[in-house]
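Visitor: Need the 3D shape of this:
(one chain, ligands or ions: 2)
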Amino acid sequence: MADQTTTLRSRRSCLATPGSNPRFLAKAKGLDADQVFLDLEDSVAPIAKVDARKNIVAALNEGGWGTKLRVVRVNDWTTEWTYADVIEVVAGAGANLDCIMLPKVQTAEQVVALDLLLTQLEKVHGYEPGRIGIEAQIENALGLTNVNAIATASPRVETIIFGPADFMASINMKSLVVGEQPPGYDVGDAYHYILMQILMAARAHGKQAIDGPYLQIKDVDGFRRVAGRSAALGFDGKWVLHPDQIAAANEVYSPRQEDYDHSENILDAYDHYTSAAGGARGAVMLGDEMIDEASRKMALVVSAKGRAAGM
Ligand code: GLV
Ligand code: MG
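Guide: Ligands and ions are numbered 1, 2, ... in the order given. Sure thing, here's the model as predicted:
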């Protein structure tokens, strides 16, 4: 049963790498991102897609990815490429692959279709059943209205990802700058509703919530500002498009050291005082702060993120 302490693998920084560029694929191995996703979708031109599949299989099988999560983004089900993307990548490198990312997911059935295909491929190639996870990108209004069904469509679903660029285009948002507020909207954060819908679906079903790209890659302060908003709400990580964004994402989506230290103190104090009282006390004092079972739950979230970040 899902709860708010999601224990899936760390995904503070998710590095996008075009599958059509072997030099970028090789370089990505040495970078400090928690996850790398090798792309067959929008960063790869239609004429380059078939060769990109081969590059990706070779890069995965060559190894050298360290502890990074290895993900491949296939094309969405409305194109002509999806099934062959999945078959070629999983048949060729399924043992060296953690998740398939499915873009522009609109319905639960699209996730089920990918699940069935993965299940057959696992049988044919003798892979461990159910090991390959699914990351679902929400990139349009229909996907957002179905986000709960998408999150629960398959036990393989590990993350729900916000795809801001496609989303902005799909709802006719009057802006061309991803992540920044549309000109003329001066009453709050235009992304808040979308981010919260995704976060609620993720948390309700024990999935991770991941924020999408920030395209002004030279503006690391802008990246930090936009990442800081989704991190403050509770998102687990964000896409990074450039090496300079990696350290910023790893920092922004980790707890601050003082919050991590405080969370460990709360857990120690709560255990100590409640067991000293023979389980008879629900609320205890930690210095001037009253802590109870809800404080323990908040502390568990922060300490789990801190431990995953190696704090
Ligand atoms: C990512 O795929 C986006 O559309 O923002
Ligand atoms: Mg997109």
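Visitor: Enumerate the residues of the stretch 1-150 of the chain near ligand 1.
Guide: 103, 137, 139 (C-beta under 6 Å from any ligand atom). Bear in mind the C-beta positions are built from the backbone N, C-alpha and C, glycine included.
Visitor: Tell me how many other residues surround the second one.
Guide: Using other C-beta atoms under 10 Å as the criterion, residue 137 is surrounded by 24 other residues.
Visitor: Do I have it right that residue 303 meets residue 267?
Guide: Yes. Applying C-beta atoms under 8 Å as the test, residue 303 and residue 267 come out as touching, 6.2 Å apart.
Visitor: could you dump the residues of the stretch 1-150 of the chain next to ligand 1 to a markdown table with pLDDT and secondary structure?
Guide: Shown next, in a markdown table, are those (pLDDT from 0 to 100; DSSP: H, G, I helix; E, B strand; the rest coil):
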| residue | pLDDT | secondary structure |
| --- | --- | --- |
| 103 | 98 | coil |
| 137 | 98 | strand |
| 139 | 98 | coil |
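Visitor: Ligand 2 next: which of those are close?
Guide: Under the cut-off given by C-beta under 5 Å from the ion, ligand 2 has residue 139 from these close to it.
Visitor: Closest one to residue 211 out of the residues of the stretch 1-150 of the chain next to ligand 1, please.
Guide: Using C-beta to C-beta, the shortest approach to residue 211 within these belongs to residue 137, at 11.4 Å.
Visitor: how about that closest one, what does it touch?
Guide: By C-beta atoms under 8 Å, 6 or more residues apart in numbering, the contact list for residue 137 reads 73, 101-105, 143, 161-163, 212.
Visitor: mind checking how far residue 202 is from ligand 2?
Guide: Counting by C-beta to the ion, to the nearest Å, the gap from residue 202 to ligand 2 is 18 Å.
Visitor: Would you map the helices across this structure?
Guide: For the chain, helices defined by DSSP state H occupy the ranges 22-28, 49-62, 82-93, 108-125, 141-145, 147-151, 164-170, 192-204, 220-233, 243-252, 257-276, 293-308.
Visitor: Skipping its backbone neighbours, what lies nearest residue 305 in space?
Guide: Nearest residue to residue 305 in three dimensions, chain neighbours excluded: residue 255, at 5.4 Å (C-beta to C-beta, 6 or more residues apart in numbering).
Visitor: I meant residue 92, not that one.
Guide: residue 57 (3.6 Å).
Visitor: ok, the one you found touching residue 87?
Guide: No. In terms of C-beta under 8 Å, residue 57 does not count as a neighbour of residue 87; the distance is 11.2 Å.
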